[in-house]
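Undergrad: Here is a sequence together with a model predicted from it:
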Amino acid sequence: MRDVQKGSPEFPLAIDRVGVKNLKVPLLVQDRGQGQQHTVADVDLCVDLPGRFKGTHMSRFLEALSCWNQVLTYDSFKELLSDVSCRLDAQKAHLRFDFSYFYPRRAPVSGHEFSMDYKSFLSGEFSQGRIKMAQGVEVPVMTVCPCSLAISRHGAHSQRAYVRIRCGYKGLLWLEELIDLAMRSGSSPVYPLLKREDEKFVTDEAFDKPTFVEDVVRYTANRLSSHPRILWYEAEVESFESIHNHSAYAMITGGVK
């Protein structure tokens, strides 16, 4: 049968990325506490395409995934990208997994434990036999407004904020490390299960540590900067304000990509 994809395009422009997005697959990821955990991931898998070709071969992306062992490690990640590059005769291949990572959280007073899900990702680019990887998480925290606390007679407004981290690293960097780092940057962590004694503790703790969105992003960036295995980072904080019809936002980048 004629290979239409290898035909000449009307405009012979090189394409930076072409492939498949939002493909759901079962995934087994490394877990610092339990060894491994099962989850479901959205996959983006792409390659570059020279200008002389009309199209890529979409079926080959899924063929590569079907032959992959679906266990997410550095070696298996690199192996999948290498296979995709070979199958599609590409100079570069790009891969991203977005998934929920479950991390047990213990209530601060009662000690009750329940797993909390965190939006996480692992991405990478493969070129000339080398791979560049990045990973990240989104972590909810509680913030209490310092200004509101200083000027109000009956308390202060508080809300949930999200700390989003994206970073490059060397060696093994556990998602739990990034989650713990982000949780310590707000007025208080957010917990899945709280009894009344826990709720009192969390409220008192948060009001003892009021934080602007600027404070939270600075705390996060400072901890990322001092981490021995993090090479570069992007730290974002979005606070979903309880008394405003908008979010407060701050971002800091550091290191060298």
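TA: Thanks, I have the structure now. Residues are numbered from 1 along each chain as shown.

Undergrad: so how far is stretch 18-29 off the chain centroid?
TA: Centroid displacement of stretch 18-29 relative to its chain, using C-alpha atoms, centre = their mean, to the nearest Å, is 15 Å.

Undergrad: Give me the contact list for it.
TA: With contacts defined as C-beta atoms under 8 Å, 6 or more residues apart in numbering, stretch 18-29 is touched by 36-49, 55-56, 58, 61-62, 65, 70-72, 94, 97, 99, 101. For glycine as for every other residue, the C-beta is placed from the backbone atoms N, C-alpha and C.

Undergrad: Could you export it as CSV, keeping only the C-alpha atoms?
TA: What follows is stretch 18-29, C-alpha atoms only, in CSV (Å, rounded to 0.1, in the frame of the first residue of the first chain):
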residue,chain,number,x,y,z
VAL,A,18,3.8,15.8,16.1
GLY,A,19,2.2,12.8,17.8
VAL,A,20,-0.5,11.8,20.2
LYS,A,21,-1.9,13.6,23.3
ASN,A,22,-4.2,12.7,26.2
LEU,A,23,-3.9,8.9,25.7
LYS,A,24,-4.8,7.1,28.9
VAL,A,25,-2.7,4.2,30.1
PRO,A,26,-2.3,2.2,33.3
LEU,A,27,1.0,3.0,35.0
LEU,A,28,3.1,1.6,37.8
VAL,A,29,5.2,4.3,39.5
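
Undergrad: What's the mean pLDDT across it?
TA: Per-residue pLDDT over stretch 18-29 has a mean of 95.

Undergrad: same question, stretch 167-184
TA: For stretch 167-184, the per-residue pLDDT averages 96.
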